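**Q** I'd like to go over a predicted model; first the sequence, then the structure.
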Amino acid sequence: MTNKLDHLLAALPLTPAADEALGQQARALKGRLQELQVLLNGDSTRSSRYAPVPLSLTGRIGFIIGGYWDSQTAVPQGYRDSLAIARSDYAEAVQRLTQIATELDALGSAAEALGAPWTPGRLPVLRQ
């Protein structure tokens, strides 16, 4: 989706019929995709400055797997709690990703209707 959105952002200035509102929608979607990336993989800019950051979804799952992989004891409550948080974060991520995908498809259709150049993810239409 990031690649598709980047190409759409590059195509919009080449579309004379497109107005600034379409560009603003595309940039807002890009921001939401970046927020989703932080939810999934963490905030690398903050962590690179050694600032405390909450566990990302992949970090949390890695913590659970790495900490309990070779254990033969009952699963501790802390791991169960962490798994519950991961499930909640995953459900949120899927919901947000689905919404972004729907809006991105609509944005691509709107750009295509305005005569935007071809972008990846859209089937080319041969005009007679």
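**A** It's in.
**Q** For stretch 71-83, measure first residue to last.
**A** End-to-end distance of stretch 71-83 (Cα to Cα, to the nearest Å): 16 Å.
**Q** from the chain's centre, how far out does it sit?
**A** 29 Å (Cα atoms, centre = their mean, to the nearest Å).
**Q** Kindly provide the distance from L104 to Y50.
**A** In this view, L104 and Y50 are 35 Å apart by Cβ to Cβ, to the nearest Å. In short, each C-beta sits where N, CA and C put it, glycine included.
**Q** In this protein, which residue is most central in space?
**A** To find the centre residue of the chain, average its C-alpha atoms and take the closest one (Cα atoms, centre = their mean): that gives L33, at 3.6 Å.
**Q** any chance you could map the helices in this protein?
**A** Listed in chain order, the helices of the chain (DSSP state H) span 2-11, 20-41, 44-48, 57-68, 77-113.
**Q** rank those by pLDDT, which is bottom?
**A** For the helices of the chain, the bottom mean pLDDT is recorded on helix 44-48, which sits at a mean of 76.
**Q** what's in contact with it?
**A** Here helix 44-48 makes contact (Cβ atoms under 8 Å, 6 or more residues apart in numbering) with V53.
**Q** how about 10 Å then?
**A** Contacts to helix 44-48, defined as Cβ atoms under 10 Å, 6 or more residues apart in numbering, come from residues 37-38, 51-54, 56, 59.
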